[in-house]
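Colleague: A structural model of the following input is requested.
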Amino acid sequence: MKFRIEATSGHARAGVFTTDHGDVATPVFMPVGTVASVKAVHQRELRDDIKARIILGNTYHLYLRPGTEILRKAGGLHKFMGWERPILTDSGGFQVFSLSSQRKLREEGALFRSHIDGSKHLFTPENVVDIQRTIGSDIMMALDECAPGTADYDYAARSLQLTHRWLRRGWDHYKQTEPVYGHYQSFFPIVQGCVYPDLRRESAEFVASLGADGNAIGGLAVGEPTEKMYEMIEVVNEILPSDRPRYLMGVGTPANILEAIDRGVDMMDCVMPTRNGRNGMIFTRNGIMNMRNRKWADDFAPLDEGGPAWIDEAYSRAYVRHLVTTGEILGLQICSIHNLAFYLWLVDEARRHIVAGDFPEWKADMVERVCRRL
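Modeller: Numbers count the residues shown, from 1 in each chain. Sure thing, here's the model as predicted:
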């Protein structure tokens, strides 16, 4: 992977990284396609309407269904789901973390029970590399333990040391293995350390020492106060190399994304635009709309009046409210497509203002706008 920075504004960066499946301009938001599908969104819409440059898959879910044998027979995830652009896969560490009553962590790896049928499985730093080789993602993630945001210092310190031991094993195994389908695969280590600056610095220094193609910041937006999240991003990005992309995992709201970009983050993902969209929440450049509210029943304006032309520009607020309140599937689709299009527009606008040199002023105004409840 190659990464070049084209412009900066304070700590915010506009760059481009290359993969064998295409270039990705940053900052970038990556739609989450957990089980080889961005929920309620067709690949054609992802490509042509939302203009997604890279999407995510999840190792835990893809390992369980459809399974590595099917993915190998298909020729990898790109061919299986008909997506020709880059894919990043999470190692499954967060999903295993979320199964707190169904998993055990040990030196060997994470032993867990499937949420589908209760069967037992073991993820190790080595086999999650092998699984992601079979998936064929362009960017693979290291297996880590994601400690709760409220974890005490002793637990966070022990968790971090386990994550680092796993990382060393995963990194060594990555270096000793080859891609299955011929295209290059990057491996991103993950900085952990909960909300403790000294642990975050220790982790960032260890991660930076590996010289990986890019680096990730994990274990945030998992219960800690928002200001703590921003503080940890600042601590980590003082240490992570500036010539490699920085990926903030699982974040977040439009305001979170802008604040992260302002602190030097290049890549982000979150299920919020599609999950909230399926529940009738719309994000716009002027604030947040709950489409179940009675106030939209006879409002025939576009969803984002005066804003960019989304794929859903022909649909009024009244019509979308009607679809949402009657449980029509089209309503879930329109809300999901709209929110993803808005997120992609937001990071593209951030990039444009970084290049123009007026990012701080634009960002301050936009953060205030996107937090409004309409």
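
Colleague: ok, the closest residue to Leu248 other than its chain neighbours - contacts?
Modeller: Spatial nearest neighbour of Leu248, chain neighbours left out: Val265 (4.5 Å); criterion: Cβ to Cβ, 6 or more residues apart in numbering. Any C-beta I mention is one placed from the backbone N, CA and C, and that applies to glycine too. Contacts for Val265 (Cβ atoms under 8 Å, 6 or more residues apart in numbering) come out as Pro27, Ile217, Ile233, Asn237, Arg246, Tyr247, Leu248.

Colleague: so where's the longest helix in the protein?
Modeller: Looking across the chain with DSSP state H, the single longest helix is helix 329-356.

Colleague: Give the rounded mean pLDDT of it.
Modeller: The pLDDT scores in helix 329-356 average 96.

Colleague: next one: stretch 283-299
Modeller: Mean predicted lDDT for stretch 283-299 stands at 97.

Colleague: Distance from it to the middle of the chain?
Modeller: Centroid separation between stretch 283-299 and its chain, computed with Cα atoms, centre = their mean, to the nearest Å, is 26 Å.

Colleague: residues of that stretch that come out buried?
Modeller: By 16 or more other Cβ atoms under 10 Å, the buried positions in stretch 283-299 come out as Phe283, Thr284, Arg285, Gly287, Ile288, Met289, Asn290, Met291, Trp296, Asp299.

Colleague: Leaving out the residues flanking it, which one is nearest to Gly22?
Modeller: For Gly22, ignoring the flanking residues on the chain, the nearest one in space by Cβ to Cβ, 6+ apart is Arg85 at 5.2 Å.

Colleague: ok, that neighbour to Asn339 distance?
Modeller: Distance of Arg85 to Asn339, given as Cβ to Cβ, to the nearest Å: 20 Å.

Colleague: Same question for Val370.
Modeller: Separation of Val370 from Asn339 (Cβ to Cβ): 12 Å.

Colleague: With neighbour numbers in mind, choose between these two.
Modeller: Legend: neighbour count by other Cβ atoms under 10 Å for Val370 and Asn339, higher for Asn339 (26 against 21).

Colleague: My read is that that one contacts Asn279, right?
Modeller: No - using Cβ atoms under 8 Å, Asn339 is not in contact with Asn279, being 10.8 Å away.

Colleague: hmm, which helix or strand of this structure has the shakiest average pLDDT?
Modeller: Within the chain, confidence by mean pLDDT, DSSP states H and E is lowest for helix 93-98 among all helices and strands, at a mean of 73.

Colleague: Does anything pack onto that one? Which helices or strands?
Modeller: Helix 93-98 sits against helix 59-64, strand 110-113, with contacts defined as 3 or more Cβ pairs under 8 Å, 6 or more residues apart in numbering; DSSP states H and E.

Colleague: Please convert the ones you listed to CSV, extending it with mean neighbour count and mean pLDDT.
Modeller: What follows is the helices and strands packed on helix 93-98, written out as CSV (neighbours: other Cβ atoms under 10 Å; pLDDT from 0 to 100):
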stretch, mean neighbour count, mean pLDDT
helix 59-64, 23, 96
strand 110-113, 20, 91
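
Colleague: Would you mind identifying the next helix or strand past the host helix or strand of Ala255?
Modeller: Element membership for Ala255 (DSSP states H and E) is helix 254-262. Sequence-wise, the next helix or strand downstream of helix 254-262 (DSSP H and E) is strand 267-269.

Colleague: Identify the residues contacting the residue nearest to Gly22.
Modeller: For Arg85, counting by Cβ under 8 Å, 6+ apart, the contacting residues are His21, Gly22, Arg47, Ala52, Arg53, Ile54, Ile55.

Colleague: Distance check, the residue lying farthest from the centre of the chain against Ala318.
Modeller: The C-alpha centroid of the chain is most remote from Asp298, which lies 35.8 Å away (Cα atoms, centre = their mean). Asp298 is 6 Å from Ala318, where distance means Cβ to Cβ.

Colleague: Where do the domain boundaries of the protein fall?
Modeller: Using automatic domain parsing, the domain parsing of the chain gives 27-269, 277-370.

Colleague: out of the ones you listed, deepest packed?
Modeller: Of all the domains of the chain, domain 27-269 has the most neighbours on average by mean count of other Cβ atoms under 10 Å, namely a mean of 20.

Colleague: Show the end-to-end separation of that one, please.
Modeller: 11 Å (Cα to Cα, to the nearest Å).

Colleague: List the contacts of Met272.
Modeller: By Cβ under 8 Å, 6+ apart, Met272 lies in contact with Gly252, Thr253, Asn339.

Colleague: tell me, what's touching Val370 and Asn339 both at once?
Modeller: Phe283.

Colleague: ok so, going back, mind listing residues that contact the helix holding Ala255?
Modeller: For helix 254-262, using Cβ under 8 Å, 6+ apart, the contacting residues are 10-12, 27, 29, 221, 226, 229-230, 233, 248, 251-252, 268, 283, 342-343, 346-347, 350, 354, 359-360, 363, 366-367, 370-371.

Colleague: quick check: angle from it to helix 329-356?
Modeller: Helix 254-262 runs at 30 degrees relative to helix 329-356, counting by axes from the mean of the first three to the mean of the last three Cα atoms, to 10 degrees.
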